[in-house]
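Asker: requesting a structural model of the entry that follows:
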Amino acid sequence: MPDPTTQSNYLQITSEHVDLDWTLDFDTKVISGSAVHHLLIKEDNVKDAIFDTADLDISSVEIAGNSVNFSIKAKHEVMGSALHIELPSGQKSGNYIDVKVTYKTTSGCTALQWLSKEQTQGKSFPYLFSQCQPIYARAIAPLQDTPSAKIKYSAKVTSVLPVLLSAIRVSPPSNGPAHDGKVIGKDAVTYSYDQPVPIPSYLLAIAAGNVRYRPFPQFQDKQWTTGIWSEPEMIDRAYWEFSEDTARFLAAEENIVIPYKFGVYDLLVLPPSFPYGGMENACISFLTPTLVTGDRSLVDVVVHELTHSWFGNGVTHAEATHFWLNEGWTTYIERLLQEKLHTPAHRGFSYVIGSKALYDSLAQYQDRSKYQRLVIEFEAGEDPDDAYSSIPYEKGANFILYLERTLGGLDVFLPYVKDYVNTFIGKSITTAEWKAHLYGYFEKHGGAEKIKALDSVDWNAWFYGEGLKLPVEMEYDTSLAKQAYALAEKWDASRSTEDISQLDFKESDLKELNSNQIIVFLERLQSYDQLPGQHVKHLGDLYRLSTTSNAELRLRFYEVALKDPVSSAAKAFASEAVNWVIGDDGTGIIKGRMKFCRPIFRAASKVDKDLAVRIFGKAKDGFHPIARKLIEKDLGLVH
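Answerer: Numbering: from 1, shown residues only. Have a look, this model is predicted:
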């Protein structure tokens, strides 16, 4: 199979729809039930239907109500266990067959995190949520777990807690009484959902807990709806944070690309162990609670997640090698929206912010330079999570920005963007298919001049180039960064003053800077040599960066402090930083988002490996299984 991360035979027989019937058991932490696949036969006389599974307990398989033979092959460390189902003989291409698999999940399920009530905001009910990207959907259902084979799905889920899925709710209504008016935590309610738009398997998603819904105001004449879900303890803050901008962002995106296809766009604020900033699950984006800052300074993450409705959920990468098509395009369009919603300077500023993450990631992979590439040729069974970084996002977005400039700017490029989405919406494509369409479009809309411009691009360097720099030196509008740069330069120049009381810094220095500008200030500080320990402490105290509840700022402060692992600052702050991550800082709130926990543990381990390992060991069960696995690799606990 072309996709190196699946063992399914999706080219011979393809699942087009799956009907899920699940029961959630919060005591045993198990999902049990069945999956019925509606399969299109693509090859005469195909003998087996092969599905990806990971740590599933399969009890039976039926075709047309009759039990059939099946076998579960030896477990592959990354890809799981292939489920082979024997099909009746004489299958003909073009026909359909339905296969029902009855099964339950097990404790080894990487896709699910079952939280105790103590790990939630309300501390009264347990909670469940999934994370299936890149290849973990096979741990919650037997699937052809490849983005090349998109599926529609329907589901009935019985639970004593409210249930959310990456689909449109059929019943009970979202805007009705919570849990259909039944007793939450006691009475079982069956939730029914339908996803009529084909999606890649990694967008299969579930969350269940004591959640409430609040709709956002209907936007002008739009047919789609938007709203927010969260635990009741956070619903007021979450509603305020996102209600002003979400529908406005979605409407602005429609003007740039094409109309929104999914009907519903909701947000769910998850408990703090969620390992990502956001996850673009169809119809409902899962969000980290670290975005709820009380000043709407981080709501632009929603722009990224909703942009995936077109780039990823709509036009999908065929397999992990081409992941940059999802994230590079999404980041590029997200930043273009900054220009449309604000000013061109805001677009440039977004690239300035992103450049630090890009160069950090490139440096992180110096010893595995293959992962510095935009197009990564994965070996069969290679773990795509090993390559997860900012590179596909940032290198990809810079590449598309470079093409925009090379081809003549936005007036020329935006009509192409619409054509690209219209051409491939609902399909899964490779980098080669994207490039062929790009050339085809500009040959038709520009002729020899545009083809000459495209031929001037060093495609090999962009796709397969390694190293610590982009193939082309990119220039951005830095006007919004100048004040932050000036303050960082002033701090750098202050290192010769040993007596802190003589320094001319004031708490009001940051008054004119927004959160993103403060991030740029702190990241600029990291580009200089390590500040003396007393300066770092003064920086943290004066600007309250060492105590701020804004995790983005707290992370950057600790990165300044831990920059040089042998410095006095690093030794002074390593323990504080890792205890902040595990929530042992007075808050009791774990920082499960990998953007925060992984860099801190990596940096702290360079200062004091024993400390990092010990603190992680104390709290590792509180992290999501994906984050736990990758932190263990970061700390050298597994290979």
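
Asker: in stretch 507-524, what's buried?
Answerer: By neighbour count, with 16 or more other CB atoms under 10 Å as the criterion, the buried positions of stretch 507-524 are 509-510, 513, 515-524. Quick note: C-beta positions are derived from backbone N, CA and C, even for glycine.

Asker: roughly how far is it from the heart of the chain?
Answerer: Centre-to-centre, stretch 507-524 and its host chain are 26 Å apart (CA atoms, centre = their mean, to the nearest Å).

Asker: same thing with stretch 344-352?
Answerer: Relative to the chain's own centre, stretch 344-352 is displaced by 22 Å; criterion: CA atoms, centre = their mean.

Asker: would you mind listing the buried residues in that stretch?
Answerer: Of the residues in stretch 344-352, those buried by neighbour count under the rule 16+ other CB under 10 Å are 345-352.

Asker: go through those residues and flag which are in helices.
Answerer: Taking DSSP state H, the ones among the buried residues of stretch 344-352 that sit in helices are 345-352.

Asker: how about the buried residues of stretch 344-352 in JSON lines, adding pLDDT?
Answerer: Shown next, in JSON lines, are the buried residues of stretch 344-352 (pLDDT from 0 to 100):
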{"residue": "Ala345", "pLDDT": "96"}
{"residue": "His346", "pLDDT": "95"}
{"residue": "Arg347", "pLDDT": "97"}
{"residue": "Gly348", "pLDDT": "97"}
{"residue": "Phe349", "pLDDT": "96"}
{"residue": "Ser350", "pLDDT": "96"}
{"residue": "Tyr351", "pLDDT": "97"}
{"residue": "Val352", "pLDDT": "96"}
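
Asker: now, which of the residues you listed sits nearest Gly465?
Answerer: The shortest approach to Gly465 among the buried residues of stretch 344-352 belongs to Tyr351, at 18.7 Å (CB to CB).

Asker: name the nearest residue to the closest one, ignoring sequence neighbours.
Answerer: Ranked by CB to CB, 6 or more residues apart in numbering and with sequence neighbours excluded, the top spatial neighbour of Tyr351 is Tyr476, at 4.5 Å.

Asker: and that neighbour, what does it touch?
Answerer: Residues near Tyr476 by CB atoms under 8 Å, 6 or more residues apart in numbering: 348-349, 351-352, 355.

Asker: just confirm Leu414 is within a helix.
Answerer: Yes: assessed by DSSP: H, G, I helix; E, B strand; the rest coil, Leu414 belongs to a helix.

Asker: for it, which non-adjacent residue is spatially closest?
Answerer: Counting by CB to CB, 6+ apart, Leu414 lies nearest to Ile256, which is 6.9 Å off, once chain neighbours are set aside.

Asker: give me the neighbour count for the one you found.
Answerer: 17 (other CB atoms under 10 Å).

Asker: just Ser32 next, same as before
Answerer: Neighbours of Ser32 (other CB under 10 Å): 17.

Asker: check which helix or strand covers it.
Answerer: strand 30-41 (DSSP states H and E).

Asker: that older thread, kindly reformat the buried residues of stretch 344-352 as JSON lines containing distance to Val46.
Answerer: JSON lines is the format used below for those (distance: CB to CB, whole Å):
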{"residue": "Ala345", "distance to Val46": "57"}
{"residue": "His346", "distance to Val46": "53"}
{"residue": "Arg347", "distance to Val46": "50"}
{"residue": "Gly348", "distance to Val46": "53"}
{"residue": "Phe349", "distance to Val46": "54"}
{"residue": "Ser350", "distance to Val46": "48"}
{"residue": "Tyr351", "distance to Val46": "48"}
{"residue": "Val352", "distance to Val46": "53"}
